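Student: give me the fold of what follows.
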Amino acid sequence: MSDETEVVWSGVTRGALLGDILRVGEDNEGLIFGTMTQTRSSRISDDPTSRDVVATKVNPRLLLSMGKGCGNFYDGKGQVDVGLLSSMSKRHAHAGLQLIGWWRLRNNVSLRPSLRDFVICKSFQAWRVGDRGGDETTPSLFGLFGAEKSDAKSIHSFTSGFFVQRTGTQPQRVKATTPNMMQSSQSEYRSLRSLQSAPLGALNGSSNHIKGKAGVGAPVSRTTAGEKLLRDCLDRIDASQAELVQRVHDEGS
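Tutor: Numbering: from 1, shown residues only. Next up is the predicted model:
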C-alpha cells in the first residue's frame, strides 16, 4: 500500500501566519488545527496486478501560537502534554477543526528539522493515535517556517515546509500548495490589473461598438454596476498592498 499526501492551505491562513511573524518578531511555535481526510482506492496497471493507494489531504486552517520554548505543550524531554492537547482538541472540535499537528518558526535558519523536532513529532503522533482510538493509519503534521531579514531590515523573506509524521517512521516532507496563489490565479489577477489600467473610453465610451452576427455595430452601454464593483475591489486591493508595504518598511526602520 502506498500513501500520497498533499497539504493545501489557504491564502488567508498563510497571510495570518505572516502577520504573526511580523508582529512577534522572534522564534515561535504552536499547534495546527484543521481537517485531514483519507481516500482509499485501487489502481490497476497494464499488467494484471493492482495496488492500493491511500490519498491523504491535509487542510491547515488555524495556526495557534503557544509561545517559545518547552513548557507550553511539551516538556524538556520533548514529550507532549497529553492532558493539554486533549483539552485543546475538544475546545476546537465544535468548529469542525481537528488538532492535526504543530508548527515552529525559526529566524535565519534553514528548513531542516532538528533532533528535538523529531522527538516532539514522535510524541505528538503517539498522542494523536491514542486520541483517535488507536488508528495508526492517520498521520500528524509538522510545519516548519523560516523568516529572514536583510541587513537594512527593509526586505523580509519567508519560507515554509510541511512534514508528515507516521507511526514508526521519521517525518517526511510533503508537497504543499496554496490554491489562490497558483499560476492560473496569478495570470487571472494580471488580466484584471490590465483591465483596471485601460482607458476609461475603452470600457464605457459611447463611440465603442461591438459587431453582431449581421455586422451591425451595437453601441456599448456605459459602465455597468459589475464593472464599477470590479474597479472598487481592485482599488481596495491596491490600498491594502500599499498599507502592508508601509508597515513592513516602518518595522524594518
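Student: residue contacts, residue 131?
Tutor: By Cβ atoms under 8 Å, 6 or more residues apart in numbering, residue 131 lies in contact with 85, 86, 89, 99. Where C-beta positions appear, they are placed from N, C-alpha and C, glycine not excepted.
Student: which parts of the stretch 51-200 of the chain are helices?
Tutor: Listed in chain order, the helices found in the stretch 51-200 of the chain under DSSP state H, counting those that start in this stretch are 82-93, 115-131, 183-196, 200-204.
Student: list the buried ones in the second one?
Tutor: Residues of helix 115-131 classed as buried: 117-118, 120-129, 131 (neighbour count, 16 or more other Cβ atoms under 10 Å).
Student: send the alpha carbons of that helix over as CSV?
Tutor: C-alpha atoms of helix 115-131 as CSV (Å, rounded to 0.1, in the frame of the first residue of the first chain):
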residue,chain,number,x,y,z
LEU,A,115,16.6,16.1,16.7
ARG,A,116,14.3,17.7,19.2
ASP,A,117,11.7,18.2,16.4
PHE,A,118,11.9,14.5,15.7
VAL,A,119,11.2,13.6,19.3
ILE,A,120,8.3,16.0,19.6
CYS,A,121,6.8,14.7,16.3
LYS,A,122,7.0,11.1,17.5
SER,A,123,5.4,12.0,20.9
PHE,A,124,2.7,14.1,19.2
GLN,A,125,1.9,11.2,16.8
ALA,A,126,1.6,8.8,19.7
TRP,A,127,-0.9,11.1,21.4
ARG,A,128,-2.8,11.5,18.1
VAL,A,129,-3.1,7.7,17.6
GLY,A,130,-4.4,7.4,21.1
ASP,A,131,-6.8,10.3,20.7
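Student: by how many degrees do it and helix 82-93 diverge?
Tutor: In terms of direction (axes from the mean of the first three to the mean of the last three Cα atoms, to 10 degrees), helix 115-131 departs from helix 82-93 by 70 degrees.
Student: re the thing from before, which of the helices of the stretch 51-200 of the chain has the lowest mean pLDDT?
Tutor: Lowest mean pLDDT within the helices of the stretch 51-200 of the chain: helix 200-204, a mean of 42.
Student: let me know the helix or strand that residue 13 is in.
Tutor: helix 11-24 (DSSP states H and E).
Student: in that helix, what's buried?
Tutor: Those would be 13, 14, 17, 18, 20, 21, 22, for helix 11-24 by 16+ other Cβ under 10 Å.
Student: does residue 13 touch residue 58 like I think?
Tutor: No. If you go by Cβ atoms under 8 Å, residue 13 and residue 58 don't touch, sitting 11.9 Å apart.
Student: sorry, back to before: among the contacts of residue 131, which ones are buried?
Tutor: Here, 16+ other Cβ under 10 Å leaves 85, 89, 99 buried among those.
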